[in-house]
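J.: My questions concern the predicted model and sequence given below.
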Amino acid sequence: MQHTQMLSNQRLSDLPASVIKPGYARQSLKTGIVHVGVGGFHRAHQAVYTDAYMSATGDTRWGVCGVGLRENDRKMQQLLAEQDFLYTVLERKADGSASAQVIGCMTDFLLGCDDPGAVIRKMADPDTHIVSLTITEGGYNFNPSTGEFDFNNPDVQHDLANPDAPRLVFGYLARALKQRRDSGLPPFTVQSCDNIQHNGDVTRNMLLAYIRAADPDLATWVASEVAFPNAMVDRITPATTSTDIHAVQTMTGLTDQWPVTCESFHQWVIEDTFSSDRPQWEKCGVQFVADVTPYETMKIRLLNASHTVLGVLGSLAGYRTIDEAVSDPVFTDTLRVFMDSEVTPVLAPVKGIDLGVYKQTLLQRFANPNIKDSLTRICSESSSKVATFLVPTIRENVKQDGAFEISALVVAAWCYYSATHTSQSGEALEVIDALKDQLQQAGRQSGQQPLAFLHQADIFADLAQQPDFTRLFETFVSALFAGEPVSRLMQQASVPAGTETVSEKKESTA
C-alpha cells in the first residue's frame, strides 16, 4: 500500500475537493457539548449534525469533548488524539457509490478511568451547555422488568462511597451538577442519544434515583432545573473494518486510523426542552417536536426490533450480515409480516409519517449490500435489546389478542442461540452479553424446565405467565432443539390465515 500521511489539522488542506471538510476555523472552537460514549454511532450521527451546523453558521461554540469512562475506550482516545481528533465518515450507498467527509467538531477526548476529576470539571465548565450520552441500553442501570434503578450494581455502591472518583455516568453527572449549583451556574442539559424509549425520561429517573441516595438536597435542584429531552435517533452504523480504512485512504489520500462507516439515511427527532442554550440543529435537518413518543416508538419497535429478528434468526440460519439475511426471500417475508401484523397494530399514528413507506424504506436500508452490518454486532447485549425493543410489543399483543407468532419464534431462537452458542449447522457464534452465562444456563435448562428461559423476569416481565405465548414458545423451542430448520419455522410463523407472502406473490405473477 502506498505510504500516506496521517489525517491531521496540518493535512486538511491536502484533502481532494471531493472530500467534505470542516467549514469553520477549528482553532476558534469552544467546547459546548461533553459527550459520554464515543462510539461509531455518535461519530456518524450527533457529531455529524453538529459539524454541519457549525459549518453552515460559523457558530463555533459547540465543539464536542468526548469522554470514555472505561479502559476499553483508551484505544480510540489514543488514535483520535494522534490525528488531532479529526476522523472521516464514509457514507456507503446501496448503488455502490461512497462519499467521504472529515468531521472536525471534536475538541478533546478525556478518559474518566485515568482522571475522573478532569471529566467532572469539563462537565461543570460554564461553556458546557449539553452533556450527551450514547452509553448503550445497559448503561442506564435499570431493571428492564420494573424500570427501577439497580442499586445492587457494585459500581453504584462504589460511586456512592467515592463521589469524587465515580465509575458510572450517574456519579459524574451528579458531581458536575453539584459543582454548577454550588457555583451559581445554570445546569447543563442531559441529552440521551440512545435507542431507549423515552430516553430522556429514563435518564432523568435513573439519575434522580441515584442522586436521592447520594445527595438528597441536590436532587430537588436537579428535578426542578435540569432538562432531559426525549429524542429519536437513527442511522445504521456498522463496525469499522480494514476495508473501510483502505477505502478512506484511497478517497482522501490520508490515513485515518479509525474512520466510521454508515448508510446515507439519518434522522434525529428531539423534544425542544433544554436547560439553556443549544445549537440550532434544525438548520441542518433535525426535527424538533413537542412529543417525540410516537416517533421513537415507531423506530424502536420497527427498526430496532427488526434488527433483533434478523440478528437472532439469521445467526441460527448461518448468515453473517443483515444484508445477507434479507437477500433471502424467507427473511423478507418474515420481516414484512412481523412489521405489518405484530408491530403496526399496536403503534399510535405518527404525524407526517406514512408507515407503509417507512417500512419499505427499512427493507431497502437493510438490503444495502455496502453496509455490512454484522449479526454479531446486532446480537450483542441482546438481553437489553430484547427487553427494550421486542418484549413491550409482545405484551401489548398478548393483552389485545394480537399476533405474536414471529416474536415467539425469535425468543425461542434466542433461547437456542444462548444455550448452544452455535448456528443450527454447528458453527460457533460469538456471544457478547453481560448476562451471557445466565442466559446459557437458562437456555440449557429448557429440556427439563420448558419455561426456564422465560423465567428471567428482568428481561421478559410476566411472559412466563401468559399461556397463549408460552404454548407457542415451547413449540418453537422443542422444534429447534429437535433440529427443525429455522427457515421452515419462519415460514410457518409468517403465514397467518389469509396472508400471502412476498415469495408467493412473486410465484403467482411469474
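T.: That came through, no problem.
J.: got a list of what residue 361 touches?
T.: Residues near residue 361 by Cβ atoms under 8 Å, 6 or more residues apart in numbering: residue 265. The way it works is simple: take the backbone N, C-alpha and C, and place the C-beta from them, glycine included.
J.: Can you mark which positions in the helix or strand where it lies are buried?
T.: Taking DSSP states H and E as the definition, one finds residue 361 inside helix 355-366. Neighbour counts over helix 355-366 (16 or more other Cβ atoms under 10 Å) mark 355, 358-359, 362, 365-366 as buried.
J.: Farthest-apart pair in those residues, please.
T.: 355 and 366 (16.4 Å; Cβ to Cβ).
J.: can I see the domain layout of the chain?
T.: What automatic domain parsing lists as the domains of the chain is 5-289, 293-509.
J.: so where's the chain shaky on pLDDT?
T.: Applying pLDDT under 70 to the chain flags residues 1-3, 496-510.
J.: swap the cut-off to 80 and go again
T.: Residues of the chain meeting the criterion pLDDT under 80: 1-4, 144-145, 495-510.
J.: mind listing the strands for it?
T.: 5-6, 31-36, 63-68, 87-92, 98-103, 106-111, 130-133, 189-192, 231-234, 254-255, 260-262, 267-271, 287-289 (DSSP state E).
J.: So which of those is nearest residue 420?
T.: The nearest among the strands of the chain, by Cβ to Cβ, is strand 260-262 at 31.2 Å.
J.: strands paired with that closest one, and their directions?
T.: The pairing partners recorded for strand 260-262 under DSSP bridges are strand 87-92 (parallel).
J.: what residues are up against residue 30?
T.: 60-63, 107, 127.
J.: if we go to 6 Å?
T.: Residues near residue 30 by Cβ atoms under 6 Å, 6 or more residues apart in numbering: 61, 63, 127.
J.: Next one: it from residue 46, what distance?
T.: 17 Å (Cβ to Cβ, to the nearest Å).
J.: Could you measure from the nearest residue to residue 105 once chain neighbours are set aside over to residue 89?
T.: Using Cβ to Cβ, 6 or more residues apart in numbering and skipping residues adjacent in sequence, the residue nearest residue 105 is residue 51, 4.4 Å away. Using Cβ to Cβ, residue 51 is found at 9 Å from residue 89.
J.: Quick check: neighbours shared by those two?
T.: What both residue 51 and residue 89 touch, as defined by Cβ under 6 Å, 6+ apart, is the set residue 103.
J.: re earlier: quick one: which of the contacts of residue 30 is nearest residue 421?
T.: Nearest member of the contacts of residue 30 to residue 421, counting by Cβ to Cβ, is residue 63, at 43.3 Å.
J.: Now do the contacts for that closest one.
T.: Applying Cβ under 6 Å, 6+ apart, the residues contacting residue 63 are 29-31, 105, 107.
J.: can you rerun that using 8 Å?
T.: Residue 63 neighbours (Cβ under 8 Å, 6+ apart): 29-33, 105-107.
J.: Just the buried subset of those residues, written out for ChimeraX, thanks.
T.: Entered in ChimeraX, the line below selects the buried ones among these, by 16+ other Cβ under 10 Å:
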select :29,31,32,33,105,106,107
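J.: now the spatially closest residue to residue 444 that is not a sequence neighbour: how far from residue 404?
T.: Spatial nearest neighbour of residue 444, chain neighbours left out: residue 419 (4.8 Å); criterion: Cβ to Cβ, 6+ apart. Distance of residue 419 to residue 404, given as Cβ to Cβ: 22 Å.
J.: what's the answer for residue 30, then?
T.: Following Cβ to Cβ, the distance that separates residue 30 from residue 404 is 51 Å.
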